[in-house]
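Student: from the sequence below, what's the structure:
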Amino acid sequence: MSIIKIDMNSPEFQAELEKTIKFTDKVVNQFNWAYNPHVEINEGVQMGLARNKMMYNKRFCPCYMVEEVDGVYKSSDNRLCPCAPAIEKEIPQEGVCHCQIFCTPEYAASLTKSEEIETVTHQHSRGLSTQECEFLLQKRNIDTDELTSLLEARELKMVNFKVIDVREWMEWQSGRIEGVDILIPTSTFFQTLNEAGLNNDDNIIVYCHVGSRSSHCQRILTDMGFTKVSNLVHGIVGYNGKIVRG
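Tutor: Numbers count the residues shown, from 1 in each chain. Purely as a prediction, here's the structure:
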């Protein structure tokens, strides 16, 4: 099979995860950074780093695609944790790295204060119309409430689209959005995409952990000629709908 399966409950993975947590602790102390106050983000990134260490023998950033070039594994944009873009640009300028695990103490404090702001902003008193569904599927980015409404409309056969999870198999097992259609991991993206049998004019919604990998895959799909690809901003971490596990 094209999909690489790593058992996150195996002793090997748990041992690697423990080493990775010690590694990220060291990075935080070395650069005087702070962890993101949202623990689930940190845990997801640490699991991704541990997974990549097992798969590629390097802690490549889990938010970026890893490809084999001339027999050597390389991450797009040179993302090897702690990556140069985070050290040189993202954290000094924006307060947080692309994966969102590392941030300045000031940024972490501001997040803690504004946690309550991240509440549901869309209050639906009715379901979407077919025209509204079609409008949403033209957007490059959709949020959790929009996806929830679209899934409800799909159940009523008002609209048709495919939801694609671009995380890894163990993340899929840990928890996935109810209604997701296909798993196409970034680690085997092109091979698994070929097996999925998608059409270029299909309505597609991609998602990952926090929206980074899926944004990257969205660009790839668009470059390949897929014309209707939307990305779930903030990924499954920010999703308020039903989650399926196992």
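Student: please make it C-alpha for all contacts and neighbour counts, starting now.
Tutor: Fine.
Student: residues near the nearest residue to residue 226 once chain neighbours are set aside, how many?
Tutor: Counting by C-alpha to C-alpha, 6 or more residues apart in numbering, the nearest residue to residue 226 once its immediate chain neighbours are dropped is residue 200, at 4.2 Å. Other residues within reach of residue 200, judged by other C-alpha atoms under 10 Å, total 15.
Student: number the chain from 12, please
Tutor: Yes, from this point I'll number from 12; that puts the last item at residue 211.
Student: can you tell me the element residue 156 falls in?
Tutor: Of the helices and strands defined by DSSP states H and E, residue 156 is found in helix 155-166.
Student: now the element after that helix, going C-ward?
Tutor: Helices and strands here follow DSSP H and E; after helix 155-166, the next one along the chain is strand 173-176.
Student: what sits against the residue nearest to residue 237?
Tutor: 236-239 (C-alpha atoms under 8 Å, 6 or more residues apart in numbering).
Student: turn those into CSV, including distance to residue 142.
Tutor: As requested, the contacts of residue 211 are exported to CSV (distance: C-alpha to C-alpha, whole Å):
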residue, distance to residue 142
236, 24
237, 21
238, 18
239, 16
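Student: of those residues, buried ones?
Tutor: 237-239 (16 or more other C-alpha atoms under 10 Å).
Student: using CSV, lay out these together with pLDDT, secondary structure and distance to residue 226.
Tutor: CSV is the format used below for the buried ones among the contacts of residue 211 (pLDDT from 0 to 100; DSSP: H, G, I helix; E, B strand; the rest coil; distance: C-alpha to C-alpha, whole Å):
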residue, pLDDT, secondary structure, distance to residue 226
237, 97, coil, 14
238, 95, coil, 15
239, 96, coil, 13
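Student: closest to residue 163 out of the residues you listed?
Tutor: Within the buried ones among the contacts of residue 211, distances to residue 163 taken as C-alpha to C-alpha reach their minimum at residue 239, with 19.4 Å.
Student: phi first, then psi, for the closest one.
Tutor: Geometry field for residue 239 lists phi and psi as phi -130, psi 70, criterion degrees, to the nearest 10.
Student: tell me how far it lies from residue 232.
Tutor: 9 Å (C-alpha to C-alpha, to the nearest Å).
Student: and for these two, which residues touch both?
Tutor: Taking C-alpha under 8 Å, 6+ apart as the contact definition, residue 239 and residue 232 share no neighbouring residue.
Student: circling back: contacts for the helix holding residue 156 next, please.
Tutor: Contacts of helix 155-166 (C-alpha under 8 Å, 6+ apart): 131, 133, 138-139, 141, 144, 147, 170-172, 190, 243-244, 249-252.
Student: quick check: mean pLDDT across it?
Tutor: Summarised as a single mean, pLDDT over helix 155-166 is 92.
Student: could you list the buried residues of that helix?
Tutor: Per 16+ other C-alpha under 10 Å, helix 155-166 contains these buried residues: 155-165.
Student: just checking, next helix/strand downstream of the lengthiest helix in the chain?
Tutor: Longest helix in the chain, counting residues (DSSP state H): helix 22-42. Scanning the chain past helix 22-42 towards its C-terminal end, the next helix or strand to appear is strand 45-46 (assignment: DSSP H and E).
Student: can you spell out which helices and strands pack onto that next one?
Tutor: If contacts are counted by 3 or more C-alpha pairs under 8 Å, 6 or more residues apart in numbering; DSSP states H and E, strand 45-46 sits against strand 113-114, helix 116-124.
Student: sheet partners, orientation included, of that strand?
Tutor: Sheet neighbours of strand 45-46, with direction, are listed as strand 113-114 (antiparallel) (DSSP bridges).
Student: same question for the strand it pairs with, mean pLDDT?
Tutor: 97.
Student: who's in contact with that strand?
Tutor: Among residues not part of strand 113-114, those counted as contacts by C-alpha under 8 Å, 6+ apart are 39, 44-47, 102, 106-108.
Student: ok, now with 10 Å
Tutor: Here strand 113-114 makes contact (C-alpha atoms under 10 Å, 6 or more residues apart in numbering) with 35, 38-39, 42-48, 53, 93, 97-98, 101-103, 105-108, 119-120.
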